[in-house]
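**Q** Sequence plus the predicted model coming up.
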Amino acid sequence: MPVRADPLSTDVLVIGGGPAGSAVASRLADAGHDVTLVEKRAEGRHKSCGDLLSPRAVAELDRLGVAPMSFGGHVIQGVRMVQGRRRADTPWPDHPDLPDHAVAIRRDLLDEQLRNRARTGGATVLMGHEATSPIAERGFVRGATMTLADGATREITARFIVVADGA
């Protein structure tokens, strides 16, 4: 495999460009850290298991300044449970710090908005960079080797690493 000539060094390497990785990259970049966020996919994808944002998630997005209703979200007022012919509709529990609704939004749209938020905060976002092995130095992980879509590899070193790559 060819090695790219442009190794990268950063304060914080965040591996995973989903909601958790993008949110932490945004917070750290806002705080003035040099952050590099890497995502293995070259472009976003739809992921149906991530389409519902609970009231707690909606509150967290609000704190980041991301409003899912502005890019296609739909308000969900409660939960409907069905067993056979029985049905129960229940609103979200009241909480003084949380909204009274959830939001349904396509996961690819949410991920892209959160990555854009990280970029706006100053993070470098690299798509198509899959972390394939750690870079270890004196027993500490100091970065990762990335495999790119074309098969080339790239090393990224960092003082701190956040792994938010999901399952």
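**A** Ah, there it is. Only a predicted model underlies this, so the values are computations on that prediction, with no experimental measurement involved.

**Q** what comes up buried for the longest helix seen in the chain?
**A** Secondary structure of the chain read by DSSP state H shows that its longest helix is helix 107-121. By neighbour count on 16 or more other Cβ atoms under 10 Å, the buried set for helix 107-121 is 107-115, 117-119, 121. Where C-beta positions appear, they are placed from N, C-alpha and C, glycine not excepted.

**Q** contacting residues around that helix?
**A** Contacts to helix 107-121, defined as Cβ atoms under 8 Å, 6 or more residues apart in numbering, come from residues 17-19, 22-23, 25-27, 29-30, 35, 37, 39, 44-51, 53, 64-66, 68, 71-72, 125.

**Q** Before we move on, what's the pLDDT of the residue lying farthest from the centre of the chain?
**A** Outermost residue of the chain with respect to the C-alpha centroid, by Cα atoms, centre = their mean, is residue 85; its distance is 38.9 Å. Listed pLDDT for residue 85 reads 96.

**Q** Can you tell me how far it is from residue 78?
**A** Using Cβ to Cβ, to the nearest Å, we find residue 85 at a distance of 20 Å from residue 78.

**Q** do residue 13 as well
**A** Taking Cβ to Cβ as the measure, residue 13 falls 40 Å from residue 78.

**Q** more neighbours, the two?
**A** residue 13 (28 against 13; other Cβ atoms under 10 Å).

**Q** which strand in the protein runs the most residues?
**A** strand 153-163 (DSSP state E).

**Q** which strands and helices sit next to it?
**A** Contacting strand 153-163 under the criterion 3 or more Cβ pairs under 8 Å, 6 or more residues apart in numbering; DSSP states H and E are the following elements: strand 8-15, helix 19-30, strand 35-39, strand 129-137, strand 140-148.

**Q** Now do the second one: which elements does it pack against?
**A** If I follow you right, that is helix 19-30. Using 3+ Cβ pairs under 8 Å, 6+ apart: helix 19-30 touches strand 8-15, strand 35-39, helix 55-64, helix 107-121, strand 153-163.

**Q** The shortest one too?
**A** Counting contacts by 3+ Cβ pairs under 8 Å, 6+ apart, strand 35-39 packs against strand 8-15, helix 19-30, helix 107-121, strand 124-127, strand 129-137, strand 153-163.
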